[in-house]
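In: structure, please.
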Amino acid sequence: MGSGYYAALSGLLARTQALSVVANNIANANTTGFKAHTEFYQALNAGNNTNIVPGLGPLNQAVNAYGVLGGQTLDLAQGHIARTGNPLDLALEGPGFFVAKTSAGDRYTRDGSLHLSPKGILLTAAGDPVLNPKGKPIRLQPGPVTISPDGVISSRGAIAGQIAVVQFPAGTPLTPQGNSYFAAPAKAAKPAPNTQMQQGSLERSNLSPVQGMVSLIELQRTFDMLQKALSSFNNDFDKPAITQLPQVP
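Out: Prediction:
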């Protein structure tokens, strides 16, 4: 039953790793524009890293297939849009992202809580310039602004600029960078014609605190079950073998 012991142990390890994913989701349940991650598992075969080990029956096959954390996927579902009334708060409806120029290069975000620098440069919440469709920062003059659904900025009766919105082909890897930023492969960003902006609103996290707590409870229950399995392997199988072996004539 050694392999069964290791199978339960690997399951515990995988859930411990998954805990960091769930904890990060819960910690960002109130973060503007946050996109949750979902963990997934895969089987690691104890024999030859293949799905079939010659000579083993179905039970042994199952016992020798260890469950490990395969990774995590990014949930890009739309978050709830909340009204704020701030004219520089922008919520995106659709698959698009704002583009920000950071010290590490272009980064992409759904966090539309924008503000102006003392020089009138439009900045993200993290303090990086928001770019226009030509990849340039946007400078605004003092005064009220109106932002249309396609990102065109009007001020004092004239067009003052436009905010770029891009999207990515399905399957493009987006890597979280902190501050609600994502990195993407070079030249992967494309215009997002089907995404619109709502001025005076913000997109909330697409994970509610309730969803996060349910995931945490499910993870805890699975963890407890695997702990009991480990205890059973140790107490019900290993100890009797150790105590009875000396009695064999």
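In: quick one: low-confidence parts of this protein?
Out: 1-10, 40-71, 233-249 (pLDDT under 70).
In: give me the residue at the spatial middle of the chain.
Out: The centroid of the chain falls nearest to residue 37 when counting by Cα atoms, centre = their mean (3.1 Å).
In: you'd agree that one is up against residue 27?
Out: No: applying Cβ atoms under 8 Å as the test, residue 37 and residue 27 come out as separate, 11.8 Å apart. The way it works is simple: take the backbone N, C-alpha and C, and place the C-beta from them, glycine included.
In: and residue 225, how far from residue 86?
Out: 47 Å (Cβ to Cβ, to the nearest Å).
In: returning to that earlier point: for the residue nearest to the centre of the chain, give the beta-bridge partners.
Out: On the basis of DSSP bridges, residue 37 is bridged to residue 74.
In: contacting residues for it?
Out: Listed by Cβ atoms under 8 Å, 6 or more residues apart in numbering, the contact set of residue 37 reads 21, 24-25, 72-75.
In: got JSON lines for the residues you listed, with neighbour count and distance to residue 180 too?
Out: Formatted as JSON lines, the contacts of residue 37 follow (neighbours: other Cβ atoms under 10 Å; distance: Cβ to Cβ, whole Å):
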{"residue": "21", "neighbour count": "18", "distance to residue 180": "17"}
{"residue": "24", "neighbour count": "15", "distance to residue 180": "13"}
{"residue": "25", "neighbour count": "26", "distance to residue 180": "14"}
{"residue": "72", "neighbour count": "18", "distance to residue 180": "17"}
{"residue": "73", "neighbour count": "11", "distance to residue 180": "18"}
{"residue": "74", "neighbour count": "14", "distance to residue 180": "13"}
{"residue": "75", "neighbour count": "13", "distance to residue 180": "14"}
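In: what's the closest of the residues you listed to residue 139?
Out: residue 74 (32.7 Å; Cβ to Cβ).
In: mind listing what the closest one touches?
Out: So residue 74 contacts 35-37, 174, 176 (Cβ under 8 Å, 6+ apart).
In: kindly recompute the last result at 6 Å.
Out: 35, 37, 174 (Cβ atoms under 6 Å, 6 or more residues apart in numbering).
In: doesn't residue 183 make contact with the last one?
Out: What it means is residue 174. No: if you go by Cβ atoms under 6 Å, residue 174 and residue 183 don't touch, sitting 7.3 Å apart.
In: now do residue 219 against residue 180, distance only.
Out: Residue 219 is 24 Å from residue 180, by Cβ to Cβ.
In: which one of the two is surrounded by more residues?
Out: Legend: neighbour count by other Cβ atoms under 10 Å for residue 219 and residue 180, higher for residue 180 (25 against 18).
In: if I look at that one, how far off is residue 109?
Out: With Cβ to Cβ as the criterion, residue 180 and residue 109 are 5 Å apart.
In: so how far is residue 150 from the residue nearest to residue 168 when sequence neighbours are not counted?
Out: Distances taken as Cβ to Cβ, 6 or more residues apart in numbering place residue 188 nearest to residue 168, at 5.4 Å, with adjacent residues excluded. To residue 150, residue 188 is 22 Å away according to Cβ to Cβ.
In: kindly report the same for residue 88.
Out: 17 Å.
In: just the helices from this protein, written as ranges.
Out: With helices called from DSSP state H, the chain shows them at 2-27, 58-63, 209-232, 239-244.
In: next one: the residue nearest to residue 129 when sequence neighbours are not counted from residue 122, what distance?
Out: Excluding the flanking residues, the one nearest residue 129 by Cβ to Cβ, 6+ apart is residue 137, at 3.8 Å. Residue 137 is 7 Å from residue 122, where distance means Cβ to Cβ.
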